[in-house]
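>>> got a predicted structure plus its sequence, pasted below:
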Amino acid sequence: MKKLVITMMAVLFAISANAQSYNVGTSNTTTDYLGNRTTTHRDQYGNRTGTSTSTTDYFGNTTTTHRDSYGNTIGTSTTSTDYFGNTTTTHRDKYGNNTGTDRSNTDYFGNTHTTYSDSYGNSRGTSTTSTDYFGNTTTNYRDRYGNSQGTSRTSTDYFGNRNTEQRSNNSNTTIWSW
């Protein structure tokens with residue numbers, strides 16, 4: 001049995017090593033004393049492409065302001081959580097127009113399933129996030145047809161700062177754009 005498990009793990013590692021993926025960027029998040037978060041986004045070359053600043057109100061709703069590399073506001077995202085812990089995030093452009101909605105729910109095992117919709121309610125894709133023993137998360141993204149698009153891996157340091165690496169199957173960065 002032990003040999004079987006080791007062999008299966010070796011096969012999985014070999015498959016993973018041969019899978020083509022592209023580093024399309026990173027995001028680093030810091031949290032201040034009041035619980036507000038600032039995320040700095042960088043492309044695959046390390047160039048800063050923008051920031052996202054999140055604040056949470058008394059009711060647990062989170063508002064995130066997205067800015068480009070010059071500091072100009074390019075949009076906002078507002079997240080609300082229902083009684084069951086499910087979240088709905090509404091994205092708006094800099095003019096306040098609805099550009100899409102994300103709906104997330106968490107299953108019994110702690111995995112989070114998210115459905116992404118455009119401004120008309122049409123599916124843009126899905127993602128599934130799992131958390132390991134150390135609190136690191138892996139998110140797998142799929143397009144609306146169920147095809148794998150890429151992954152994000154997030155680790156959290158001792159101070160609560162988060163580092164996320166995005167990898168795409170086809171050098172596509174739009175699966176991480178809000």
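It's in.

>>> alpha carbons only for contacts and neighbour counts from here, please
Will do.

>>> what residues sit buried inside stretch 130-138?
Judged by neighbour count using 16 or more other CA atoms under 10 Å, the buried positions of stretch 130-138 are 130-131, 136-138.

>>> ok, now stretch 40-54?
Buried residues in stretch 40-54, counted by 16+ other CA under 10 Å: 40-43, 48-54.

>>> mark which of those are part of strands, please.
Judged by DSSP state E, the buried residues of stretch 40-54 include 40-42, 48-54 as members of strands.

>>> pick out whichever of those residues sits closest to Ser27.
His41 (4.5 Å; CA to CA).

>>> pairing partners for the closest residue to the closest one other than its chain neighbours in the sheet, please.
Spatial nearest neighbour of His41, chain neighbours left out: Ser27 (4.5 Å); criterion: CA to CA, 6 or more residues apart in numbering. In this entry, Ser27 is beta-bridged to His41, Thr164, by DSSP bridges.

>>> repeat for Gly150
Under the criterion used (DSSP bridges), Gly150 bridges to Tyr141, Ser168.

>>> residue contacts, it?
Contacts here follow CA atoms under 8 Å, 6 or more residues apart in numbering; on that basis Gly150 touches 21, 140-142, 166-169.

>>> next, the buried residues of stretch 63-79.
63-67, 73, 75-79.

>>> so which of these belong to strands?
63-67, 73, 75-79.

>>> let me have those residues in TSV, adding distance to Tyr158 and pLDDT as columns.
Output for those, formatted as TSV (distance: CA to CA, whole Å; pLDDT from 0 to 100):
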residue	distance to Tyr158	pLDDT
Thr63	25	96
Thr64	24	96
Thr65	26	96
His66	26	95
Arg67	27	96
Thr73	31	96
Gly75	31	95
Thr76	29	96
Ser77	27	96
Thr78	28	97
Thr79	26	97
